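**Student:** from the sequence below, what's the structure:
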Amino acid sequence: MKKVSVLIIVLLSMFCCTLNAQLMRKDGPAFKAGEVAVYNIYYNWGFVWIHAGDVRFSVEEKKENGTSHYLLQLVGYTIKSFDHFYTVRDTFSVTVSKDELMPFYYREVKHEDSYFCDKRYHFDFAKDYPAMVYWDINRRGNLTSDSLKIDKTVFDLLTTCYRFRSLDMQQVKKGDFFPFNMLYDDTVYNLGLTYKGKEEIKLRNKSRYNALKFTPKLITGDLFKNEDDMAIYVSDDDNHVPLYIEAKIKVGYVKVMLQSVVNTKYPFSPLKKK
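**Tutor:** Residues are numbered from 1 along each chain as shown. You can find the predicted model right below:
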């Protein structure tokens, strides 16, 4: 497998629009502190699907200077049997405001076989337009520091994932396309997301769910050959929990499936079980 993190596939799969104000839900974010979601990642090896790794998303409440924020975290890792082929131990975290989900501090630590990278971003949205982001990136012991003027609708990877879930789907119609900008490494990418409609899906645990389908405009290059090589399904309820992702990559196929989720903001359950 190429030097590409399995975890990044999961994050890329949750690409979303940065959502202008009129598309954000009036009752705030679609999640709460204490929510934990775990996903299984399957990689296609010839004609065989292999359980390659797992990803854990969590939301915590954090207080700084008397103000409450959300600490959003993601931990991804390959399982022991897959470590012989490729080893991933990645951690992503970001502190965001509870109301508008604006990021303050983002950190990304990646251990992938012999590769190591530690990225730290400090966002300053207090200034008038343009805002600023300052970063320190340590790749295999080589440290680089810089800053960039950004629009106030440009966010990091993890913040972008969680903002997606607070989309007011009552205002969205099938075929709607939402352009958005996202900061990755030291570059702002112009991407987009298309809503494809509603479907019923079944996961490996035999549970069936009502789902909303999206297709993101991807970053082509080392991982994806085409911009539309991915489909994303989220729960058709007020939680908008990602349920299932399928992606075609240059070295095969990847599937990501929800294994468990607890402490959702609203009641969550499968449509039915067989």
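**Student:** Lys152 belongs to a strand?
**Tutor:** No - judged by DSSP: H, G, I helix; E, B strand; the rest coil, Lys152 forms no part of a strand; its state is coil.
**Student:** who's the spatially closest residue to it that is not a sequence neighbour bridged to?
**Tutor:** Nearest non-adjacent residue to Lys152, counting by CB to CB, 6 or more residues apart in numbering: Ala131, 5.0 Å away. Just so you know, the C-beta spots here come from the backbone N, C-alpha and C atoms, and that holds for glycine as well. Judged by DSSP bridges, the bridge partners of Ala131 are Ile150.
**Student:** how close does Ala131 get to Pro216?
**Tutor:** Separation of Ala131 from Pro216 (CB to CB, to the nearest Å): 24 Å.
**Student:** and the helices in the stretch 101-250 of the chain, which stretches?
**Tutor:** Taking DSSP state H, counting those that start in this stretch, the helices of the stretch 101-250 of the chain run over residues 157-164.
**Student:** all strands of it, in order?
**Tutor:** Shown for the stretch 101-250 of the chain, the strands assigned by DSSP state E, counting those that start in this stretch span residues 103-112, 115-124, 131-139, 142-150, 154-155, 177-184, 187-202, 207-217, 230-235, 242-249.
**Student:** circling back to that earlier point, neighbour count: Ala131 and Pro216, which is higher?
**Tutor:** Counted by other CB atoms under 10 Å, Ala131 and Pro216 do not tie: Pro216 has more neighbours, with 27 against 18.
**Student:** right, and that one touches Ile232 too?
**Tutor:** Yes - using CB atoms under 8 Å, Pro216 is in contact with Ile232, at 6.7 Å.
**Student:** my read is that Glu61 contacts Ala33, right?
**Tutor:** Yes - contact criterion CB under 8 Å: Glu61 and Ala33 qualify, at 3.9 Å.
**Student:** give the residues shared as contacts by the two.
**Tutor:** Common contact partners of Glu61 and Ala33 (CB atoms under 8 Å, 6 or more residues apart in numbering): Tyr70.
**Student:** no more questions from me, cheers.
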